[in-house]
Structure formats: C-alpha cells, structure tokens
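sequence below, structure please.
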Amino acid sequence: MKFTRKIRLDFLTLALLSSMASAENTLRILTWHGYADPDWVAAFEQKYHSKVELTYISSDDELWEKINRKQANTYDVFAVNTAELQRYIDHNLVTPIKQNQIPNTKNQLPRFRKTEQILGLNRNGHLYAIPFTYSEMGLIYDKKQFKTPPTSMDNLWQTQYRGKIVLYDGSNHNFSLTALTLHANNPFKLSTNEMKQTVDKLLQLRPQNPIFYTTPEQGTQAFINNKAALMFANYGQQQIKLLQNAGADIGYIIPQEGVLAWLNCWAISNTSKNRKLAENWINYTLEKTVSHSLSQRHGLSNTLIGGNLKDSDKILWLEPSENFALRSQYWDRIRAGKARQDAQRQLTK
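Just a heads-up that it's a prediction; the model follows:
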C-alpha cells in the first residue's frame, strides 16, 4: 500500500512539474489577423521549444477589454498602435522594453530604430513597445482620369470629381485629414476655432456625393463599381494590393501636406509570465523572412524596407484626439447631411 501510494505521489508530482514546465514555456499572444501566421508560429515553437497560444482581436475596443479585464491578465505579448498604447501605460498594463534585448531592431529602418522620435512609444525615459507594421493613409487615384498625379488631399474637394470620390466612414481620421489640408497646428488636437473650420470644410464634402466604405474589400468594390477617381486609403498598402489584384489601373501618392499613419507595435503585458519568450517573439517577427512575408501575403508594410515612404515624406503617426466622442457626434451629423448652420450651432453648445 505504501509503495502504491508512493507511486501515485511520484506520478502526481511529475504531472505537476510537467504542467508547470509547460506553462513556463507557453507564450500567449493577443494580436490581429495576419500578424502571426501558422507557419511563423510553428517555426517559432520549434526554434524555442515552446507552445504558442494565439488569440485574435478585430478592434481596438476588443483589445482593451481583453487586456484590461478584472481577472488576472492571461496574455504575455500583444499588438497595439501608438495612439492606443498611451492608455495601457496610464493603467500600468504594459512593462518597459529594453531595445538591446531585441537585437533584430538593428535591421529596422532608421525611422523605426529611433524610437525616441516616435510620439507615444516612450514615457519617462522608458520604451514601451517595438514597431512592427504600419500603414500610411495616402490617396489612391485612377490613372485614366488624371493626366498628372494629384499632389494633395484637397483634390477630394474639387467639383470635377463629384460622385467619384470614395471616403472611409470614420469620424476621427476624416477630421484629422481635413485638418491637415487646413494646416492645423496639430490635426489630432484641434482648438475650438480649428474645429469649427474643420467642420465647415467637411460639410463642403456633402455636395461631392462621396461613396463611403469601412473595410478594405468594400473600398475596392466601391472604387471599381463607381469608376471612382479618388479614394482616401485608410488601409494604405492593403488597398493598393486589393485594387491591383482586381486589375485597377491606379496610382498612389503621399499628399504634400503630410499623411496620417498608424503604427502597430508589440508590447509586453505587465503580468507576463514569460518575458524572455515574449522578447524572443518580438525579435523573431523582425527577422527578414517573417517581415517580408508580412508584406507579400497581407500587403502590410514592414519596418525593414522602405515601401512607398521616402525620408522626405511627412508622416504623422496617429495620436489620441482631443475629443473622440465629440468628433463622432459631429461626423454623424455631417454624414447625415445636416445643414451647415445646424452643425455649426451644435459646436457652440
């Protein structure tokens, strides 16, 4: 009996130790589709003798809900854009990262290696995320309708393209890009006067009879089906790839006034149980084979090659806006075709 009990205890001990070892070598990743393809994950697991548990999200709101849940955090590393990162830092949900622990950052373009110059990545001298992929929101145009390429987002307001412009149906970005054309000091932090001017100019888009989209696929169909001349490319390179695959004869420009861009980064959870493995994952995704594959498969720009960007291009990485709820309220009224006087009246309330 004693011998049998000993065997059972030894078995339970081994099972417990095995479970603990497995947990210690499991990496829990929270990310967007396309950022962790099955073959990349399999190669990582083999290289680091580990197991990866993937959870996908489809919106910033969903990401926040999963990371900010009341129970113990169950993720080690997650993908987040620089505009959203700030509230994770504010709530102590992420931990600083030492760039020297991610040696493949040396392969990145200078624009992304110089993390101290990217607003939103640092706080009090600490780096909180590593850039992974980005998309500038340029202007797509139909080559058949332009003898020479357009140079500015202001072309969206030119009356000869009435009924032939395609816009992303999103309040925040539409306010920011319009503020750019008005040369606002900071398109993400509009003063009261700048907000009024921006609302007024957005209202001037109504007579243009724009076609709206939300997903890259919807944008592609809207551009082709309506024989559009111009489209604000909220998804950048993804939309270029989709349109080219559909046979559209298009061009793409970075506007002279500058271009909005989102930058998605890898951050490590403050409650990560596998910090070293999380660092290994971030480093692994910056290997040339993985980053190049990201662009080839999904049309997403990577931080190792230049893509469409030149050093002279003015890039404005997204920042939190001065009042997202207010922008949304105004956009709903503009989108619904409210009269200018009515919209302006709302501004003064």
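
pull up the pairing partners for the longest strand along the chain, direction included.
Counting residues, the longest strand found in the chain (DSSP state E) is strand 259-268. Counting by DSSP bridges, the strands paired with strand 259-268 are strand 77-81 (antiparallel), strand 130-136 (antiparallel), strand 315-317 (parallel).

next SSE downstream of the first one?
So that's strand 77-81. helix 82-90 (DSSP states H and E).

output that next one as PDB, nothing but the C-alphas.
Output of helix 82-90 as PDB, limited to C-alpha atoms (Å, rounded to 0.1, in the frame of the first residue of the first chain):
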ATOM      1  CA  THR A  82       0.900  54.000 -30.800                       C
ATOM      2  CA  ALA A  83      -2.300  56.100 -30.300                       C
ATOM      3  CA  GLU A  84      -3.800  53.300 -28.100                       C
ATOM      4  CA  LEU A  85      -0.600  52.500 -26.300                       C
ATOM      5  CA  GLN A  86      -0.900  55.500 -24.000                       C
ATOM      6  CA  ARG A  87      -3.900  54.300 -22.000                       C
ATOM      7  CA  TYR A  88      -2.200  50.900 -21.400                       C
ATOM      8  CA  ILE A  89       0.800  52.800 -20.000                       C
ATOM      9  CA  ASP A  90      -1.600  55.000 -18.000                       C
END
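
can you tell me the closest non-neighbouring residue to E287?
N104 (6.1 Å; CB to CB, 6 or more residues apart in numbering). For the C-beta atoms, the positions are set from N, CA and C on the backbone; glycine is no exception.

strands of the chain, start to end?
So, for the chain - with DSSP E - the strands run 26-32, 51-57, 77-81, 122-123, 126-127, 130-136, 139-142, 165-168, 211-213, 230-232, 250-253, 259-268, 301-302, 315-317.

that older thread, next, count neighbours for the residue nearest to E287.
18 (other CB atoms under 10 Å).

likewise for N283?
For N283, using other CB under 10 Å, the count is 16.

reformat the strands paired with strand 259-268 as a markdown table; add mean pLDDT and distance to I254.
Output for the strands paired with strand 259-268, formatted as a markdown table (pLDDT from 0 to 100; distance: least, CB to CB, whole Å):
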| stretch | mean pLDDT | distance to I254 |
| --- | --- | --- |
| strand 77-81 | 95 | 19 |
| strand 130-136 | 93 | 6 |
| strand 315-317 | 86 | 8 |
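
need the pLDDT of Y284.
Note on Y284: pLDDT of 98.

domains for the protein, by residue range?
Residue ranges for the domains of the chain, per automatic domain parsing: 2-134+262-308, 139-253+319-347.

distance from the longest strand of the chain to the middle of the chain?
The gap between the average C-alpha position of strand 259-268 and the chain average comes to 5 Å, counting by CA atoms, centre = their mean, to the nearest Å.

run the chain-centre distance for stretch 131-144.
13 Å.

brain fart, stretch 45-63
Distance of stretch 45-63 from its chain centroid, counting by CA atoms, centre = their mean, is 17 Å.

all helices of this structure, in order?
Secondary structure of the chain by DSSP state H: the helices cover 2-24, 38-48, 60-67, 82-90, 110-113, 171-181, 192-203, 216-225, 237-245, 275-285, 288-298, 324-335, 340-347.

follow-up on the earlier one: ranking the domains of the chain by mean pLDDT, which is last?
Ranked on mean pLDDT, the bottom entry among the domains of the chain is domain 2-134+262-308, at a mean of 86.

so what pairs up with the residue nearest to V80 when sequence neighbours are not counted in the strands?
Closest residue to V80 apart from its sequence neighbours, by CB to CB, 6+ apart: A267 at 5.4 Å. Counting by DSSP bridges, A267 forms beta bridges with F78.

please report how far L177 lies from N264.
Look at L177 and N264: by CB to CB, to the nearest Å, they are 19 Å apart.

ok, those two, which is more surrounded?
A direct count of neighbours by other CB under 10 Å for L177 and N264 places L177 higher, at 26 against 20.

who's in contact with that one?
Taking CB atoms under 8 Å, 6 or more residues apart in numbering, we find L177 in contact with M137, M153, P187, F232, L260.

gap between it and Q99?
Distance from L177 to Q99, by CB to CB: 32 Å.

and Q46, by the same measure?
From Q46 to Q99 the distance is 26 Å (CB to CB).
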